[in-house]
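S.K.: mind looking at a prediction? Sequence and model below.
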Amino acid sequence: MRVIQPIVYYFSETGNTETVARAIASALGADLVGPLTGRERADADLAFIGTPTHGFRPARPVRDFIERNDWSGVSVGLFCTYALHPGGTLRWMRRRIEDRGGRVLGELAVKGEHSALPLLARGRPNERDLRRARRFALNVLRRFERGERD
């Protein structure tokens with residue numbers, strides 16, 4: 001059985017998405033790549049992709065990263081942070097990755113403190129959110145490992 005090294009790709013402006021990305025990476029011993037510019041090459045059998053929600057969609061660097069890569073044969077866990085509502089962020093990511101041959105194994109939306117309106121979700125993501133993120137990462141990894149045996 002070959003060893004899989006997951007990679008966590010993320011874009012973050014305020015630190016919310018980076019905090020969640022670091023929790024996921026630490027749970028898996030995964031490499032962390034970010035913040036994304038949109039020009040990176042995806043190079044993983046198991047990838048996690050994280051973004052803040054901008055206008056109910058992924059941030060531009062994450063959209064560019066997803067659209068510029070071939071996801072054939074890649075299993076992916078998607079996550080986003082949001083202050084008001086995640087909107088179609090995860091759905092947009094899922095559709096583009098699956099259209100490019102990838103397989104989405106899980107999705108996670110985490111509330112994060114708003115940079116301009118800090119009263120919204122003050123202190124989030126908090127420790128409870130980060131525990132959810134770590135569990136999410138381990139669940140995606142288990143799904144990936146079960147798929148490898150099939």
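M.R.: Structure's in. What do you need? Numbering: from 1, shown residues only.

S.K.: buried residues, the helix or strand of the chain with the lowest mean pLDDT. List them.
M.R.: Counting by mean pLDDT, DSSP states H and E, the chain has its least confident helix or strand at helix 127-149, which shows a mean of 92. If you call a residue buried by 16 or more other C-beta atoms under 10 Å, then helix 127-149 has these buried ones: 129-130, 132-134, 136-137, 140-141, 143-144. For the C-beta atoms, the positions are set from N, CA and C on the backbone; glycine is no exception.

S.K.: now swap in stretch 91-102 and tell me
M.R.: By neighbour count on 16+ other C-beta under 10 Å, the buried set for stretch 91-102 is 92-94, 96-97, 100, 102.

S.K.: before we move on, what about stretch 34-54?
M.R.: Across stretch 34-54, burial judged by 16+ other C-beta under 10 Å covers 34-36, 40, 42, 44, 46-54.

S.K.: closest to residue 79 out of those residues?
M.R.: Checking the buried residues of stretch 34-54 against residue 79 by C-beta to C-beta gives residue 50 as the nearest, at 4.5 Å.

S.K.: tell me which other helices or strands the host helix or strand of the closest one touches.
M.R.: Secondary structure from DSSP states H and E places residue 50 in strand 46-54. Packing partners of strand 46-54 (3 or more C-beta pairs under 8 Å, 6 or more residues apart in numbering; DSSP states H and E): strand 7-10, helix 16-28, helix 60-67, strand 75-82, helix 89-99, helix 127-149.
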